[in-house]
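> Prediction below, plus the sequence it came from.
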Amino acid sequence: MHKLLMRMDLRPRLQVYFLILSVIPVLFVGVLAYGVSARVIMNTTREKTVATTDMVCAAIDELFFEMQTLCQNTAEDIAMQRLMRREFADIKEQYSADLEGSMELAFSVASRDNLFGLYVIGENGGKYKSNAASFKVENVLERPWYRQIFESDQPVWFPVHQYSYAVKTIDDSYLSIGVPFVDKASGDVCGIVMADIEVKQLETIMERGLAGQGNIYLLDADGHIMYRLTFSGGSAPQDKAIESAVAQAQLVSGEPALLPDPDFLMVCRPLAQSGFKILGAIPKKEITRSTDSVAVAVSISLLLMIGASIFGGMVVSDTVTRPLRKLEKIMAQVESGDLSERVNSTYHDEIGRMSNSFDAMLDETQRLIDQVVNEQKKLRQSELKVLQAQITPHFLYNSLDSVRWLLRLGKMEQAQQMLEALSTLFMVALSRGKEVITIHDEIRHVHSYLIIESMIYSKKIQYGIEVEPEIEQYKTLKLLLQPLVENAIYHGIKPKDGAGEILVCVVEEGKEITLTVRDTGVGMSEETVRRMQQDLDALNRPRTGQKGYGLFNVNERVKLFYGSDYGVRVRSRLGEWTEVSIRIPKVTGEDFYV
């Protein structure tokens, strides 16, 4: 039998193997299926109940986390901090402040339809709310709930209670969370922030999770039932049985646990944020009703599975052999010297990975061939572009025009200083055709550029240069810092209201040197910095007219000369600062290729 199978082609041999190996397990499974069906259904229902309870808990936890974060963010809000520090001269001033704070809170929760109200109450008498309800007239500063929040160093959750603690309501029930309001300037607690969540919001989440089956309960941190929702036609466990089972269970925050009960399948899970608990209960008699039709279903399934096994054997064997035949054809073409064809496999199995590896080998071979031809050409084009991006006609015109006006105004020393700086700038830029210069000369070049720009924008730019003398002897590609300084001036300092500062810093870090330009300009958002760094890492060239062209050229030159491990890194904080760093190896002489 074995010798006969070995004489077959791969496709029919696979079909025979598949038929033998599939029919026997199918028959075995069919015999056992009916016996284990009830247990499978019970396990499935248990898993579903656990998943439902988990889903409800996750949704409620998310709601509680949102409310806790909202309270904490409100306590740190600059506008609210200012209001809570204010001392009111009279009732008119306090009323005006209350209106201002309430509008601030209403605006901050405008998009939150799951919140009934957000309140900030201060020791200075200020009271602010996000809804239209009226504050209660009682002295809330002495109420137990207020003192509990005020004296706590962490969020405080309150079980379900009728009416709001802070404002006048009719007959609805609420869950509440409160956090102490800490004055950032003094570190003292000066009030509280509290949020009310209507129990109706929890009911909506529970209904979505139950989908019309079983019962679900919300228990407080001590295991007492606060709220229940029933969909099992009145069939529900006794409250005492639930509370007793919860009290005896070893519950872990965030983990569901099955509770013992003869008539109900009960799953309980503590909520992570508040310490409350969610319990789901389904009558076991509803679970076992589905086992009567299992016998018929198993018989029909056996016949279908045997037919599917025969058909599947044909499909699987063809699926395995078809990509192998295609790979064999492409390999024959490669042997003849044609590297243009690819397998382009859509499979993700071993054959697909083997085909993709073969394609990758061909791509790498073609890339290496192309790289040898294009690398030097690309290198010189990049050098030309960066030189053209640095000393622009516009900069030269502004410099000479500034010299002309200084001469007209009789400021001979300043004119001489600018001309000397301009001369040094061009001398270092040319460097007798050298592509690598000392760090000392690179600092001279950028210093000259900063002198010129600071004289042109005398009231706009302040600068400083920090470099360790012992590293000035090391070599670097020329004209790395000037494009970074230019970016800092024209995209950071100039758009800013008022003056700004630029700091150029060169430091030694082990076997590497880091050149940094930091400005106190307008900065950039995290998303802008992320996209810019991705483009720099991927060498994605910016479009014509887009910002960062000079920065891209510097990054490209560094990677071409020193390797892909080196390049430009960007950090920034919107409205405050931007820092651009270049990391290069520490080298001497002309051995600047890595």
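Arrived safely, thanks for sending.
> Enumerate the positions of whatever helix or strand Ile242 lives in that are buried.
Ile242 is located in helix 239-248, with elements delineated by DSSP states H and E. Of all the residues in helix 239-248, those buried under the rule 16 or more other CB atoms under 10 Å are Ala241, Ile242, Glu243, Ala245, Val246. (Glycine included, C-beta is placed from N, CA and C.)
> elements contacting it?
Packed against helix 239-248 by the contact rule (3 or more CB pairs under 8 Å, 6 or more residues apart in numbering; DSSP states H and E) you find strand 215-219, strand 225-230, strand 264-270, strand 277-283.
> got TSV for the buried residues of helix 239-248, with pLDDT too?
Putting those into TSV (pLDDT from 0 to 100) gives the following:
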residue	pLDDT
Ala241	82
Ile242	83
Glu243	83
Ala245	83
Val246	83
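> Redo the residues you listed as CSV? Include distance to Thr514.
Below are the buried residues of helix 239-248 laid out as CSV (distance: CB to CB, whole Å):
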residue, distance to Thr514
Ala241, 68
Ile242, 64
Glu243, 64
Ala245, 63
Val246, 59
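> which of those lies closest to Leu477?
Nearest to Leu477 among the buried residues of helix 239-248 is Val246, at 69.8 Å by CB to CB.
> What residues does that closest one make contact with?
Leu219, Gly223, Leu259, Cys268, Lys277, Leu279 (CB atoms under 8 Å, 6 or more residues apart in numbering).
> Across the sheet, point out what pairs with the residue lying closest to Lys129 once chain neighbours are set aside.
In this structure, Lys129 finds its nearest non-sequential neighbour in Tyr119, 5.0 Å apart by CB to CB, 6 or more residues apart in numbering. Beta-bridge partners of Tyr119, counted by DSSP bridges, are Lys129, Met194.
> so which pair among the buried residues of helix 239-248 is furthest apart in space?
Across the buried residues of helix 239-248, the longest distance by CB to CB is 9.7 Å; it joins Ala241 and Val246.
> Let me see the contact set for Glu512.
With CB under 8 Å, 6+ apart, Glu512 has these contacts: Arg583, Ile584, Pro585, Lys586.
> Show me what the helix or strand harbouring the second one packs onto, helices and strands only.
Assignment of secondary structure by DSSP H and E places Ile584 within strand 577-585. Here strand 577-585 touches helix 481-487, strand 512-519, helix 549-562, strand 567-573, going by 3+ CB pairs under 8 Å, 6+ apart.
> Can you say which of the ones you listed is nearest to Ala421?
Comparing the helices and strands packed on strand 577-585 by their distance to Ala421 (CB to CB), the top pick is helix 481-487, with 12.3 Å.
> Who are the packing partners of the helix or strand just after the helix holding Ile242?
Per DSSP H and E, helix 239-248 leads on to strand 257-259 as the next helix or strand towards the C-terminus. Contact analysis of strand 257-259 by 3+ CB pairs under 8 Å, 6+ apart lists strand 264-270 as its packing neighbours.
> What pairs with the strand it packs on, parallel or antiparallel?
Strand 264-270 pairs in its sheet with strand 257-259 (antiparallel), strand 277-283 (antiparallel), by DSSP bridges.
> Run through the helices of the stretch 51-200 of the chain in chain order.
For the stretch 51-200 of the chain, the helices defined by DSSP state H, counting those that start in this stretch cover 78-85, 91-108, 144-150, 199-210.
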